[in-house]
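Enquirer: Give me the fold of what follows.
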Amino acid sequence: MEMPVYELRVSDDLKSDKPVDFVAGVDKPAIEDNFIAFKACLNNSIFEFSDVSEDFTTVFGAVMIPNQLILRKDENGNFFKVFYTAETIRTIATKFFANGFQNNFNLMHDHNQKMDGVTFFQSVIKNKAKGIDGLKDDNPDGTWYLGANIANEEVKKRIKSGEIKGFSIEGFFTKVPVNEPMYTPDEAHKMIAEILNRTQLN
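Expert: Residues are numbered from 1 along each chain as shown. Take a look at the predicted model:
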């Protein structure tokens, strides 16, 4: 069974009219990597790990992982996969802050649930050669991590309850088709089952 694969790209123009302009808090991040909560101490100069059931001030985690294939379904019910290169991720991260979108946060990609009081103040692109690590060694160089200060009690409540577990970007992309790899029937059925399960739970 063949499944189409697309590289997603954005314009290099920092002020283009099709930016990645929001980060959403979601229950099931497409990158399958949840953020971690921290609490501030010692006059906010040091951060300690915090269980989300406790009080916390900051969440930090991956938002994009290079060359990771992500399963998607179009409006006709056809399945395909997309990925971003490390270069595209760096461009997206640069444009996000160049356009002043660091306060643009919503829940579950719902613009009716845009939340004030969430500020992205940390941005890290993993590069081990430069000594820049993220949270996990299993994520490759080029992974983009974000840290957000959470001053919104509703957002804190939803993170503590487990309703919100990670980050997900949103914006406009150009889909560029690449060679279609072959998947075994078992692999294809597993990927389709995963997206159907997520659809039923949402």
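Enquirer: Double-check that residue 120 belongs to a strand.
Expert: Yes. Residue 120: assigned to a strand according to DSSP: H, G, I helix; E, B strand; the rest coil.
Enquirer: got a list of what residue 97 touches?
Expert: Going by CB atoms under 8 Å, 6 or more residues apart in numbering, residue 97 touches residue 123. Glycine gets a C-beta too; all of them are placed from N, C-alpha and C.
Enquirer: now do the one 5 residues further on
Expert: For residue 102, the contacting residues are 96, 119, 120, 121, by CB under 8 Å, 6+ apart.
Enquirer: Could you report the pLDDT at the second one?
Expert: Here, the pLDDT recorded for residue 119 equals 97.
Enquirer: name the element the spatially closest residue to it that is not a sequence neighbour belongs to?
Expert: Spatially, and ignoring its direct neighbours in sequence, residue 119 is nearest to residue 149 (4.8 Å; CB to CB, 6 or more residues apart in numbering). For residue 149, the element it lies in under DSSP states H and E is strand 144-150.
Enquirer: Do I have it right that residue 121 meets residue 150?
Expert: No. Applying CB atoms under 8 Å, one finds residue 121 not in contact with residue 150, separated by 10.9 Å.
Enquirer: Can you pick out the residue with more neighbours from those two?
Expert: Neighbours were counted for residue 121 and for residue 150 using other CB atoms under 10 Å; residue 150 has more, 19 against 10.
Enquirer: Show which residues not belonging to stretch 157-165 make contact with it.
Expert: 25-29, 34-35, 37, 52-53, 56, 59, 107, 150, 155.
Enquirer: Check which element follows the lowest-mean-pLDDT helix or strand in the chain along the chain.
Expert: Among the helices and strands of the chain, strand 46-49 carries the lowest confidence by mean pLDDT, DSSP states H and E, at a mean of 42. Sequence-wise, the next helix or strand downstream of strand 46-49 (DSSP H and E) is strand 58-64.
Enquirer: mind checking how far that following strand is from the chain centre?
Expert: Centre-to-centre, strand 58-64 and its host chain are 8 Å apart (CA atoms, centre = their mean, to the nearest Å).
Enquirer: residue ranges with poor pLDDT in the chain?
Expert: Scanning the chain for pLDDT under 70 picks out 1, 39-54, 136-137, 179-202.
Enquirer: all helices of it, in order?
Expert: Remark: helices assigned in the chain by DSSP state H are 86-98, 153-160, 185-201.
Enquirer: Using CSV, list the CA coordinates for the shortest one.
Expert: Provided in CSV are the C-alpha atoms of helix 153-160 (Å, rounded to 0.1, in the frame of the first residue of the first chain):
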residue,chain,number,x,y,z
GLU,A,153,-5.5,29.8,35.8
GLU,A,154,-7.8,28.2,33.3
VAL,A,155,-4.8,26.9,31.3
LYS,A,156,-3.1,25.7,34.5
LYS,A,157,-6.3,23.9,35.5
ARG,A,158,-6.5,22.1,32.1
ILE,A,159,-2.8,21.1,32.2
LYS,A,160,-3.2,19.8,35.8
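Enquirer: I am finished for the moment; much appreciated.
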